[in-house]
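1. quick one: sequence plus predicted model below, questions after.
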Amino acid sequence: MKRRGFIVFGICLVAAWLLQRHGAEAVWGGLATAAALFGFAVLVFIHELGHFLGGLLTGMAMPSFQVGFGKPLLSKLVGETEWKLCPIPLGGAVQFVGEDAGAAGNVLELAKTPGREALADERRWFHNASVGAQLLTLFMGPLFSILTAIPLFALCFAVWGAQDPDAPPIVASVLADLPAERAGILADDRIVRLDEKPVASTRELVDALQTAGPGHVHLVLERNGEPLALDLETVEHEGRVVAGLSFAMGIKRVSAVEALSLAGRTTMDMVVVQGKGLLQLVSGKVSTEGLSGPVGILKLSGESVRQGPEAFLVIMAVISIAVGVFNLLPIPILDGGRMVLTVLRAIVGKRAAKFYETPALLAGLAVILVILVLATLNDLRSL
């Protein structure tokens, strides 16, 4: 209780100092950042909770469940697992006995604690579990991160409504240096035909563009009540046809069931888009210039807090999907890479796997560090 009191007292002191030194805007900025950090901590908790529940389902020994990095602010022993809350909410971990070489070194000492004796049962150690149990436990973290986006999106749609894809295809804005601008399309233009086929809604237009694929299309517009014919050369970006248009879609009220269904479709669409984008990034097909790291994501999240709860929930949903998809990449040290190593270990045997697992994990760590450094440099340049 004393530690909690010091934490609350410290937060109050910082808020008072900011208010006196820089005014209410600085306090609001600090609160927005704190809310973003809290959101990160919740997303980390949910991701690790997926791994933890996977371990529970398969009966694995788990000495600790940690959210954040650094010296624990709070800790509590529940059953055989010690739950820890640490001050830096940029990651977390569920410790599985036997997951890493040498990680079981102090398990016998931990097992002497009343209520934790079962930790010493080697049948419950990660590397002694079946391949299916290991894969399930590794997969549950990314799965929970992705599924978390569904209730967040559903809440937004149910409370604030959803964009109406059946609204008329009226151009809201034209993005610079993209095909639509080069073709001469302007804001408030209404697109009525694409390649001689009538389009009555934004949904029909988007579907028609994706079906046509990148390349030449013929458009008929209405501008100030007069028809206008234009040729448009669309391009492909991250697996989708891009014209450089945004549309003035209205907002419609939806039921709870409709909100949940729309949230599921939105989540799956984002999984596909983010998955393609990450694979192209790792393979070098796209530039790293648009990559954001912790600093940029924290800044974006803080700005979303200022915009209101809907924007904040949407950003948290997008980040949660990104965490899930990123962790499924087949890079050793990530969940996806560990799943690949688990399958290889089952094929070649544990003895042979010892020769390549450590170098593979080190290589994976190097890749992640390079991505993190590039992303952080991008963040600093944009400040």
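-> Received the coordinates, thanks.
2. any idea of the pLDDT on Leu90?
-> On the pLDDT scale, Leu90 is placed at 75.
3. Leu260 against Leu155, yeah?
-> No: if you go by C-beta atoms under 8 Å, Leu260 and Leu155 don't touch, sitting 9.8 Å apart. For the C-beta atoms, the positions are set from N, CA and C on the backbone; glycine is no exception.
4. could you name every residue contacting both of those two?
-> Common contact partners of Leu260 and Leu155 (C-beta atoms under 8 Å, 6 or more residues apart in numbering): none.
5. pull out the buried positions in stretch 38-48.
-> Neighbour-count burial for stretch 38-48, counted by 16 or more other C-beta atoms under 10 Å, picks out Gly39, Phe40, Ala41, Leu43, Val44, Phe45, Ile46, His47, Glu48.
6. got the residues you listed as JSON lines, with distance to Ala243 columns?
-> Listed next are the buried residues of stretch 38-48 as JSON lines, based on distance: C-beta to C-beta, whole Å:
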{"residue": "Gly39", "distance to Ala243": "33"}
{"residue": "Phe40", "distance to Ala243": "35"}
{"residue": "Ala41", "distance to Ala243": "39"}
{"residue": "Leu43", "distance to Ala243": "33"}
{"residue": "Val44", "distance to Ala243": "37"}
{"residue": "Phe45", "distance to Ala243": "40"}
{"residue": "Ile46", "distance to Ala243": "36"}
{"residue": "His47", "distance to Ala243": "36"}
{"residue": "Glu48", "distance to Ala243": "41"}
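7. identify the residue nearest Thr148 in space, chain neighbours excluded?
-> Counting by C-beta to C-beta, 6 or more residues apart in numbering, Thr148 lies nearest to Ser320, which is 4.5 Å off, once chain neighbours are set aside.
8. any idea how far the one you found lies from Glu99?
-> 24 Å (C-beta to C-beta, to the nearest Å).
9. cool, Pro72 as well?
-> For Pro72, the distance to Glu99 (C-beta to C-beta) stands at 20 Å.
10. more crowded one of those two?
-> Glu99 (21 against 17; other C-beta atoms under 10 Å).
11. which residue, other than its chain neighbours, is closest to that one?
-> Phe126 (4.2 Å).
12. re the thing from before, quick one: which helix or strand includes the residue nearest to Thr148?
-> Following DSSP states H and E, one finds Ser320 within helix 309-327.
13. repeat for Ala375
-> helix 350-382.
14. can you check Lys76 too?
-> Assigned by DSSP H and E, Lys76 belongs to strand 74-78.
15. centre of the chain to that strand, how far?
-> Counting by C-alpha atoms, centre = their mean, to the nearest Å, strand 74-78 is centred 28 Å from the centre of its parent chain.
16. that strand pairs with which strands?
-> Using DSSP bridges, the strands paired with strand 74-78 in its sheet are strand 81-85 (antiparallel).
17. residues of whichever helix or strand comes after the partner strand that come out buried?
-> Downstream of strand 81-85, the first helix or strand assigned by DSSP H and E is strand 88-95. Neighbour-count burial for strand 88-95, counted by 16+ other C-beta under 10 Å, picks out Pro89, Gly92, Ala93, Val94, Gln95.
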